[in-house]
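Asker: any chance you can model this:
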Amino acid sequence: MQIHQHYPLKAQNTFGFEVKARYYAEPNNLDKLKTLLSDTSFRELPLLVLGKGSNLLFRRDFEGLVIHPKFTEIKATVSGNNEVTISAGAGIIWDDLVVYCVANGWGGLENLSGIPGTVGAAPVQNIGAYGVEVKDSIAEVEAIRTDTLETIRFTNADCRFGYRDSIFKQEWKNKLVITKVIFRLSTQAELKMHYGNLSELLKPLPNVGIREVREAVLQIRKEKLPNPAEIGNAGSFFKNPTVSKAKAEALQAAYPQLTIYPVDDDRVKIPAGWLIEQCGWKGKLLGRVGVHKSQALVLVNYGGGTGEEVLQLAAAIWQSVAERFDIELEMEVNVVN
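Answerer: As a prediction, this is how the structure comes out:
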C-alpha cells in the first residue's frame, strides 16, 4: 500500500478546492488498514477518513493523514420472508449500491438515488432525500477503532441517528474507520412517493415500482441540483431548520406561499432554501464563490475559490436569515479545519 505525501485532494472534494493532504493512503483490506493505523509515525497527526468528499469543506491543506477506504466487497442474502440483507464495503460508491439493489428488485434505497458519496459516509451523515433517510434501512455499521484497532459493531439504535446526524459525527468523530454497512431491504418494499414532486411525476405512470421511483428521483435531482462535475458544490449547504408550529404558522400568515413539513405535534421544518431566497441571495456572487442561480440552498465554487470564501458567504447568509426571520441556520456541510 502506497502512502502519498502532499497528495492533491481537488478530485476528492466536490467543491473542487485546491488543497493537499500531508499524507494519503487507500487501504483496501483490514490488514492494510490496521498496519496503517498502527504506524507510530502518524500517531500524533490529525486523521481524516475521506469518502468522495461530497459533504466536506476544506479551509486549507490538511496537515495530517487522510485515509480513503477502498473496501468494495458486497454480499447479499435473501430470506424467505422477503427480507434482503446487504453487506456493503465502505468504499463502494453510494449510487452504485442503489443501482445494484434496484436492478435486483430490492427496495428501500431508491429514494436515495443520485446522492454523491460512498457507503461508508452514508451513516455518518444519515443521508436523506424525498422522505427517506438511510437510517430506515441500516441494520448495523462495522468499524475499526483508530486507537486499539478493535472491531466495533453498531446496531441501528447504537448509531443514534438524527436529522443529518449520527454518533459518528459526535463522540466517535475521527476515532473510527467505518469498514462496512449492513442494510435490511425488501423484495416487497413499500414505496414512498409523496414527498416533493415525486407524486406528480409518478402519477401518470400505469405501473410504479422501485425502478420508476429511482428514475423520477434522478430526474428531479438533475433539474434542481448542480452537478459537482460541472460546478463545485457540496449539495445542500444548510439543514432545513426546525421551528415551533406557532412560529411556522405566523410565518405562513405573512408568506402564504411558504410550505412547511410537520415533524411532530409541536414542531415543523421550514425549507432553508426558501429562507435564503427570500433574503435575496439566490444567484448572488461573492468573488469566486456564490449561491447557485437555481437552488438557493447550494453554495458553489465557480473556480479558484477557497473554503474560507465559502464560509464568509455562509456567515453573511446566516446573518441575514437570522435578522429577517429570527431563525438560525445550521450547516449541513462538515468543515475540515
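Asker: which non-adjacent residue is nearest the most centrally placed residue in the chain?
Answerer: Compute the mean C-alpha point of the chain, and by C-alpha atoms, centre = their mean the closest residue is I127, 4.6 Å away. Using C-beta to C-beta, 6 or more residues apart in numbering and skipping the chain neighbours, the partner closest in space to I127 is V134 (5.0 Å). For every residue, glycine as well, the C-beta is placed using N, CA and C.
Asker: tell me the contacts of the one you found?
Answerer: Contacts for V134 were tallied using C-beta atoms under 8 Å, 6 or more residues apart in numbering; they are 109, 112, 122-123, 126-128.
Asker: hang on, F168 packs against N174?
Answerer: No - using C-beta atoms under 8 Å, F168 is not in contact with N174; the gap is 9.6 Å.
Asker: who's more crowded, the two?
Answerer: F168 (25 against 12; other C-beta atoms under 10 Å).
Asker: who's in contact with the more buried one?
Answerer: Applying C-beta under 8 Å, 6+ apart to F168 gives the contacts 123-124, 141, 143, 159, 176, 178.
Asker: can you pull out the helices in the protein?
Answerer: For the chain, the helices defined by DSSP state H cover 30-37, 94-103, 122-125, 198-202, 210-224, 245-254, 272-278, 307-325.
Asker: what's the most buried one of those helices?
Answerer: Highest mean neighbour count of these: helix 122-125, a mean of 26 (counted as mean count of other C-beta atoms under 10 Å).
Asker: packing partners for that helix?
Answerer: For helix 122-125, the packing partners by 3 or more C-beta pairs under 8 Å, 6 or more residues apart in numbering; DSSP states H and E come out as strand 176-186.
Asker: for the strand it packs on, packing partners?
Answerer: Short answer (3+ C-beta pairs under 8 Å, 6+ apart): strand 176-186 packs on helix 30-37, strand 47-49, strand 83-89, helix 122-125, strand 138-145.
Asker: which of these sits closest to Q295?
Answerer: Q295 lies closest, by C-beta to C-beta, to one member of these: helix 122-125, at 18.7 Å.
Asker: quick check: mean pLDDT of the closest one?
Answerer: The average of the pLDDT scores along helix 122-125 is 96.
Asker: same thing with stretch 255-262?
Answerer: Here the average pLDDT along stretch 255-262 is 90.
Asker: do the same with stretch 279-296
Answerer: Average pLDDT, stretch 279-296: 95.
Asker: and it, C-alpha only, in PDB?
Answerer: The C-alpha trace of stretch 279-296 is given here as PDB (Å, rounded to 0.1, in the frame of the first residue of the first chain):
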ATOM      1  CA  CYS A 279     -33.200  37.300   1.700                       C
ATOM      2  CA  GLY A 280     -32.100  37.900  -1.800                       C
ATOM      3  CA  TRP A 281     -29.200  35.500  -2.000                       C
ATOM      4  CA  LYS A 282     -30.200  33.300  -4.900                       C
ATOM      5  CA  GLY A 283     -27.700  33.700  -7.700                       C
ATOM      6  CA  LYS A 284     -25.600  36.200  -5.800                       C
ATOM      7  CA  LEU A 285     -21.800  36.200  -6.200                       C
ATOM      8  CA  LEU A 286     -19.100  36.900  -3.700                       C
ATOM      9  CA  GLY A 287     -15.900  36.900  -5.500                       C
ATOM     10  CA  ARG A 288     -15.200  33.400  -6.900                       C
ATOM     11  CA  VAL A 289     -18.000  31.700  -4.900                       C
ATOM     12  CA  GLY A 290     -21.700  32.300  -4.800                       C
ATOM     13  CA  VAL A 291     -25.200  31.000  -4.400                       C
ATOM     14  CA  HIS A 292     -26.500  28.800  -7.200                       C
ATOM     15  CA  LYS A 293     -28.800  30.600  -9.600                       C
ATOM     16  CA  SER A 294     -31.500  27.900  -9.500                       C
ATOM     17  CA  GLN A 295     -31.100  26.500  -6.000                       C
ATOM     18  CA  ALA A 296     -30.500  28.900  -3.100                       C
END
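Asker: thanks a lot, see you next time.
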